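1. Take a look and give me a structure for this.
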Amino acid sequence: MRTGPSHRFWSYPGVVVIHHMPGLGRGNQGDCRKFAHHGYVAISPNLHYREGKATAEENSASVRAAGGMPDDRSMGDAQEPLAISVPCRISNGKVGIIGYCSGGRQAYLAACTLSGIDAAIDCYGGGLVAPPAELNPRQPVAPIEYSKDLRCPLLGLLGGRTGVRRQRSGKNRGGTQTMGKTYAFHMYDNAGHAFFSVDRPSYRQEAAVEGWKQVFRWYEKYLR
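-> Numbering: from 1, shown residues only. All right, here's what the predicted structure looks like:
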């Protein structure tokens, strides 16, 4: 006997949205609404809240001054929304993660070190490849070093205007390919860093529109 709505119509994937270094803001709210419109349950945790400042800008400045977000703390705080998404009563049991800027780095790191992620997207993550001089106690290992442990399909969306990003993208592609991982990287030559950010001068409509198409293709393939 059927006692409720069909599971087919009441089952949605989850998406954890990781904010950029400027902190949690309206852009993340907009992203969550976009995901909801497309049939996803979206959560955007504030990874800077432990700084305890009055504004997102002050929290971000505190993080920068200290040498970046501690990787272990970030992964611990990212694990909580992952744990919430899966048992949600309208969840289909699958969850993805997406991050921008420093959040892209954290999404890459989460895809390699956390359990329960079915698909990951890194949007122009910084510091994926880093020489020893750029490492510190908060971020002791470059995320690219964890590629051998990648646990889910990974999509990278990158701006191609700087040689550094092009070089790092090449290293990422080479690293994941030789390890037999499922991945795809897309480079937008007409864009630079933060091309998804509609409220910043770096926004590039053409790259952002195409990038969102890639995001939903990826999640439709691996989360539905």
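
2. May I ask which helix or strand encompasses Tyr222?
-> helix 205-223 (DSSP states H and E).

3. what lines up beside the strand ranked longest in the chain in the sheet?
-> The single longest strand within the chain, with elements called by DSSP state E, is strand 91-100. The strands beside strand 91-100 in its sheet (DSSP bridges) come out as strand 12-18 (parallel), strand 119-123 (parallel).

4. Would you mind pulling up the elements that the helix holding Tyr222 packs against?
-> Secondary-structure packing of helix 205-223 (3 or more Cβ pairs under 8 Å, 6 or more residues apart in numbering; DSSP states H and E): strand 12-18, strand 91-100, strand 119-123, strand 154-159, strand 183-188. Where C-beta positions appear, they are placed from N, C-alpha and C, glycine not excepted.

5. Would you indicate which residues of it are buried?
-> By neighbour count on 16 or more other Cβ atoms under 10 Å, the buried set for helix 205-223 is Ala207, Ala208, Glu210, Gly211, Gln214, Val215, Trp218, Tyr219, Tyr222, Leu223.

6. so where's this protein shaky on pLDDT?
-> In the predicted model of the chain, residues 1-9, 162-178 satisfy pLDDT under 70.

7. what's the closest non-adjacent residue to Ala194?
-> Ser202 (4.1 Å; Cβ to Cβ, 6 or more residues apart in numbering).

8. Next, work out how far apart the one you found and Asn190 are.
-> Counting by Cβ to Cβ, to the nearest Å, the separation of Ser202 from Asn190 is 12 Å.

9. Which of those two has more residues huddled nearby?
-> With neighbours defined as other Cβ atoms under 10 Å, Ser202 and Asn190 compare such that Ser202 has more, 16 against 13.

10. What's the separation between that one and Gly126?
-> In this view, Ser202 and Gly126 are 13 Å apart by Cβ to Cβ.

11. if I look at the two, which residues touch both of them?
-> Shared contacts of Ser202 and Gly126 (Cβ atoms under 8 Å, 6 or more residues apart in numbering): His193.
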